[in-house]
Every structure is written in C-alpha cells, then in structure tokens.
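*Asks:* Have a look at this fold, sequence not included:
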C-alpha cells in the first residue's frame with residue numbers, strides 16, 4: 001500500500017510519540033508477543049502463557065536494517081554473449097533494506113501490530129505491509145466461564161496480515177528482517193501472502209493447537225463485480241493442526257500440518273505475495289530485466305486462478321542441535337483453461353512438490369554462534385510465465401516437468417541479541433524438459449554472500 005500524505009502524517013505521529021515518551025516506554029515487554037530479534041528464533045504461534053502483567057497502554061517501536069555484499073555468478077545454455085543471455089554480474093554491495101514495526105498493547109490481552117517496509121528491492125518508498133488486531137483476552141466484557149475459557153485457550157487475529165500457512169513463513173527473511181532465518185534466502189517456492197481476513201486458534205495445555213482461518217484470497221482489497229469481470233472471488237480457507245512441546249530441559253519437538261485452498265480467484269498470490277524481494281540480487285536475469293527483477297532464485301508455479309496446498313513440518317531441537325524439515329505439495333492453475341501436452345486447452349490442474357531439510361548447530365553462551373546447511377528441491381509443472389520475474393519462459397507446454405535444486409551452507413554470529421552477521425555459500429541448478437528453450441535451460445548460479453543486520 002503506497003503512502004503519500006498518509007506517510008507524512010504517520011511519520012509526524014511517530015516523532016511525537018518518540019518526543020513525548022521515554023525509551024523504556026517505547027520498548028516495553030508486550031503480552032503474547034514474538035520479539036523481532038534473537039529472542040524470536042524458533043518461536044511460531046506464541047502460546048497462551050501470560051507472563052507480562054497489563055497496567056496501561058504500551059507502545060513498542062521497532063525496526064530492522066539489512067545490508068549485504070554478494071559475490072555470485074550465473075550461467076545457462078546461452079551464456080552472456082547474446083541478446084537473450086544473462087546479465088553480467090560480479091561482486092558488490094546490494095541495496096540496503098529496512099522495516100518499521102509498531103506494536104501497541106491496547107488493553108489486557110488485546111494488541112495491535114502495524115508492519116511496514118521503509119525500503120525494499122521492489123518498492124523504494126515507505127509502504128505498509130499490513131496490520132492486525134490480536135485478541136487473547138476478552139475481560140473487557142466482564143467475568144464468566146466463557147471469558148475465562150477464552151483467556152486460557154482461545155485467540156483471534158483479525159486484519160490485513162501474513163496468513164499462517166505452514167511453519168516456514170515463521171523462519172523466512174521478510175525484507176530487512178532476517179533474524180529468524182539462518183540462511184540468506186527463503187525457499188525456492190516461497191509460500192507467503194498478506195490477505196484480509198481472520199484466524200481463530202484453540203490451544204490446549206499438552207501443547208496441541210488448532211487454527212481455522214478465512215481470508216479474501218487476495219493480496220489487496222477488491223470491490224469489483226464478479227458478474228462483470230467473469231471471475232469469482234472465492235474465499236481462501238486455512239487449516240492448521242500442530243503439537244509443540246518442550247519435553248525436558250534439552251529436548252523440544254514440534255509437528256504441524258497446514259492446508260490452504262482457494263477454488264477461484266482473480267489473482268491469488270500464495271506463492272507470489274512477497275512484494276519486497278529476494279536476497280539473491282541479479283541472478284538468472286537478462287540485461288533488460290536485471291533492474292526490474294526482484295524475486296531472483298525463486299519459482300512461482302503460477303497458481304493464481306485456483307490453488308490447493310498442503311505443508312507438513314517437523315522440528316526437533318536437542319541442546320544446540322536443531323532440525324527443521326518441510327514437505328509441501330500444491331496444485332492449481334493460472335487461468336480457467338491451460339495448455340496440455342498436446343497443445344490443447346484443458347481444465348486440469350498442474351502440481352508441484354517441494355522438500356526442504358536443514359540442520360543447524362547453535363553454540364557458545366546465548367547460542368550466539370551457529371552453523372548450518374539446507375537442501376531444498378522443487379519439482380513439477382510450472383506455468384509458461386511462472387518465472388521468478390515473469391519473463392524468460394517461451395515453452396508453451398505446461399505439462400513438462402522441471403526441477404530446481406538448492407544447497408546452502410551458512411554461519412552466523414549474534415554479538416548482541418540485536419545485531420546479526422551471516423555468511424552463506426549457495427549453489428542452485430535448474431533442469432528438466434520444462435526448462436528447454438527458456439532462460440533456465442542448463443541454468444545455475446552460486447557463490448558467497450555476507451550480510452549484517454540490526455533488529456530491535
């Protein structure tokens with residue numbers, strides 16, 4: 001959401017808050033809140049443990065700042081000597097990015113969050129990612145058995161917010177906020193979307209929880225008439241079931257299953273909802289597109305018309321050693337009719353599968369140092385224009401299979417809970433019949449990246 005006069009008024013409000021409030025009041029502890037620094041690592045849905053007493057309205061102002069140096073190279077069947085080849089890239093610093101976050105404890109158990117990007121690859125201007133209201137208590141309505149039951153077991157989130165599909169979105173880099181991600185980038189197929197709707201949670205004492213959500217299925221508001229446009233605006237349905245338990249001082253286990261479905265949408269963005277951009281700059285771009293590409297290294301399968309997706313996650317942490325794994329399968333299509341292997345129109349859905357596994361070891365006091373490796377593979381049928389940047393695919397046969405593999409090895413250091421430095425080696429390859437006659441035929445990229453970030 002781009003801002004003009006709203007940006008000025010919002011900035012003025014923030015300055016007044018800073019001028020009239022002490023730092024201790026700006027950075028208070030909030031109820032049922034995930035910290036945006038090292039303390040937020042391996043935090044998913046915050047549980048219902050109430051450790052922060054409410055005494056008055058509290059405001060927490062935070063930000064993320066990220067800067068990187070990369071030395072990556074890329075190649076494909078064409079090379080860089082032709083008009084349709086790859087852009088020449090070399091070592092250098094990437095554009096710095098920044099986030100701005102405003103969290104307010106309005107009442108006991110009621111909190112509002114507004115998340116914004118001050119600068120990103122895709123939008124250099126200040127713009128709002130989204131905002132939501134989180135309700136963990138309803139004591140404003142008095143006392144009673146149901147009110148006590150809500151306090152102990154229930155939660156509601158309402159607004160224009162990041163949808164809770166899968167566990168990986170809790171570990172991804174979100175523009176300048178890379179505090180939760182041991183690696184530089186997100187998955188090859190990056191499940192992330194901000195939609196208008198609500199999520200409703202039920203927590204039990206043994207560590208079980210369930211979530212039901214319903215959203216518009218769109219990245220922004222839409223008041224168009226479907227009888228005129230010819231495309232229905234079906235709601236998206238989200239389901240999540242999980243178990244998360246600290247079994248003893250050394251061992252924690254977590255298992256979850258998530259579902260996201262939308263039967264028909266003018267423009268669903270479950271796999272194309274990140275408008276901030278990738279942390280791999282310039283790779284697999286042409287000279288003409290290198291300035292406008294912003295999701296390099298990712299694949300959007302092109303399920304904008306309808307989508308049905310399931311993600312299964314497993315997490316285990318024993319002392320400093322942790323494992324996080326993902327299996328994801330999704331199907332859908334980019335329009336009501338697509339092209340089959342015979343060149344004819346078909347109503348059949350395409351499908352893709354993604355697997356990722358990472359092993360991390362955190363050590364020293366506060367687990368301030370870590371090393372890790374991740375393997376990520378994506379295979380299936382990608383749409384004609386389902387590229388990281390919407391150009392480069394010329395093969396009309398959407399039934400052909402393609403595979404993308406990535407290996408990442410990383411290390412990081414938290415000198416304080418707010419400062420993070422990371423280094424990563426990455427190697428990514430493209431293969432399969434679906435890549436023939438495209439920019440990604442015999443394609444690959446790799447190299448080293450260094451980053452520094454501040455989170456508070």
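*Replies:* Perfect, thanks for sending it. Just so you know, these numbers come straight off a predicted model, no measurement behind them.

*Asks:* all strands of the stretch 201-350 of the chain, in order?
*Replies:* For the stretch 201-350 of the chain, applying DSSP state E, counting those that start in this stretch gives strands covering 208-215, 236-246, 251-262, 306-318, 321-333, 338-339, 345-346, 350-363.

*Asks:* Now tabulate the ones you listed in CSV and tack on mean neighbour count, mean pLDDT and distance to residue 379.
*Replies:* Placement of C-beta: from N, CA and C, glycine included. Rendered in CSV, the data for the strands of the stretch 201-350 of the chain read as follows (neighbours: other C-beta atoms under 10 Å; pLDDT from 0 to 100; distance: least, C-beta to C-beta, whole Å):
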stretch, mean neighbour count, mean pLDDT, distance to residue 379
strand 208-215, 17, 98, 28
strand 236-246, 17, 97, 25
strand 251-262, 19, 98, 20
strand 306-318, 19, 97, 15
strand 321-333, 19, 97, 11
strand 338-339, 18, 72, 18
strand 345-346, 12, 74, 20
strand 350-363, 18, 97, 6
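
*Asks:* any chance of these in TSV, with distance to residue 369 too?
*Replies:* Compiled in TSV, the strands of the stretch 201-350 of the chain are given as follows (distance: least, C-beta to C-beta, whole Å):
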stretch	distance to residue 369
strand 208-215	32
strand 236-246	23
strand 251-262	20
strand 306-318	16
strand 321-333	13
strand 338-339	48
strand 345-346	52
strand 350-363	6
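
*Asks:* Those strands: which one's closest to residue 197?
*Replies:* Closest to residue 197 of those, according to C-beta to C-beta: strand 208-215, at 3.0 Å.

*Asks:* Specify the angle between the closest one and strand 251-262 in degrees.
*Replies:* Relative orientation of strand 208-215 and strand 251-262, computed by axes from the mean of the first three to the mean of the last three C-alpha atoms, to 10 degrees: 20 degrees.

*Asks:* tell me what strand 208-215 is packed against?
*Replies:* Judged by 3 or more C-beta pairs under 8 Å, 6 or more residues apart in numbering; DSSP states H and E, strand 208-215 is in contact with strand 194-203, strand 236-246.

*Asks:* ok, and what's touching the last one?
*Replies:* The one in question is strand 236-246. If you take C-beta atoms under 8 Å, 6 or more residues apart in numbering as the criterion, strand 236-246 is touched by 44-45, 47, 163-165, 195, 197, 199, 206-217, 252-262, 265, 268, 270.

*Asks:* Quick check: neighbours of that strand in the sheet, parallel or antiparallel?
*Replies:* Sheet partners assigned to strand 236-246 using DSSP bridges are listed as strand 208-215 (antiparallel), strand 251-262 (antiparallel).

*Asks:* now swap in the first one and tell me
*Replies:* Strands flanking strand 194-203 in the sheet, each with its direction: strand 154-162 (antiparallel), strand 208-215 (antiparallel) (DSSP bridges).

*Asks:* Just give me how far that strand sits from the chain centre.
*Replies:* Averaging C-alpha positions (C-alpha atoms, centre = their mean, to the nearest Å) puts strand 194-203 16 Å from its chain's average.

*Asks:* Sort out which residues of that strand are buried, please.
*Replies:* By neighbour count, and taking 16 or more other C-beta atoms under 10 Å as the criterion, the buried residues in strand 194-203 are 194-199, 201, 203.

*Asks:* Including distance to residue 432, could the helices and strands packed on strand 208-215 go into JSON lines?
*Replies:* Formatted as JSON lines, the helices and strands packed on strand 208-215 follow (distance: least, C-beta to C-beta, whole Å):
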{"stretch": "strand 194-203", "distance to residue 432": "31"}
{"stretch": "strand 236-246", "distance to residue 432": "29"}
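
*Asks:* Quick one: closest of these to residue 148.
*Replies:* Of all the helices and strands packed on strand 208-215, the one in closest proximity to residue 148, counting by C-beta to C-beta, is strand 194-203 (14.0 Å).

*Asks:* Report the mean per-residue pLDDT for the closest one.
*Replies:* Strand 194-203 shows a mean pLDDT of 97 in the predicted model.

*Asks:* before we move on, what about stretch 271-287?
*Replies:* Here stretch 271-287 scores 92 as its mean pLDDT.

*Asks:* do stretch 177-189 as well
*Replies:* Mean pLDDT, stretch 177-189: 97.

*Asks:* mind listing what's buried in that stretch?
*Replies:* 177-189.

*Asks:* start to end distance for that stretch?
*Replies:* 19 Å (C-alpha to C-alpha, to the nearest Å).

*Asks:* ok, back up a step: right, so of the strands paired with strand 236-246, which gets closest to residue 27?
*Replies:* Checking those against residue 27 by C-beta to C-beta gives strand 251-262 as the closest, at 27.7 Å.

*Asks:* And the contacts of that closest one?
*Replies:* Strand 251-262 is contacted by residues 42, 44, 163-167, 191, 217, 234-247, 268, 270, 306-318 when judged by C-beta under 8 Å, 6+ apart.

*Asks:* what about 6 Å?
*Replies:* Contacts to strand 251-262, defined as C-beta atoms under 6 Å, 6 or more residues apart in numbering, come from residues 165-167, 217, 234, 236-246, 268, 270, 307-318.

*Asks:* Do I have it right that residue 371 meets residue 411?
*Replies:* Yes. Under the criterion of C-beta atoms under 6 Å, residue 371 makes contact with residue 411 at 4.7 Å.

*Asks:* Could you report the pLDDT at residue 58?
*Replies:* As summarised for this prediction, residue 58 has a pLDDT of 94.

*Asks:* ok, back up a step: right, and the helices and strands packed on strand 208-215 - which one's nearest residue 415?
*Replies:* When the helices and strands packed on strand 208-215 are compared by C-beta to C-beta, strand 236-246 sits nearest residue 415, at 27.0 Å.

*Asks:* and the gap between residue 297 and residue 322?
*Replies:* 24 Å (C-beta to C-beta, to the nearest Å).

*Asks:* Repeat that for residue 445.
*Replies:* For residue 445, the distance to residue 322 equals 28 Å [C-beta to C-beta].

*Asks:* give the contact list for residue 177.
*Replies:* Counted by C-beta under 6 Å, 6+ apart, residue 177 has contacts 64, 99.

*Asks:* do residue 377 as well
*Replies:* Residue 377 makes contacts with 355, 405, as judged by C-beta under 6 Å, 6+ apart.

*Asks:* Confirm that it sits in a strand.
*Replies:* Yes. Going by DSSP: H, G, I helix; E, B strand; the rest coil, the assignment for residue 377 places it inside a strand.

*Asks:* Looking at strand pairing, list the partners for it.
*Replies:* In beta-bridge terms (that is, DSSP bridges), residue 377 pairs with residue 355, residue 405.

*Asks:* ok, the closest residue in space to residue 273 that isn't next to it in sequence - how many residues close by?
*Replies:* With C-beta to C-beta, 6 or more residues apart in numbering as the measure, residue 193 is the residue that lies nearest to residue 273, at 3.5 Å, once sequence neighbours are left out. For residue 193, the neighbour count with other C-beta atoms under 10 Å is 23.
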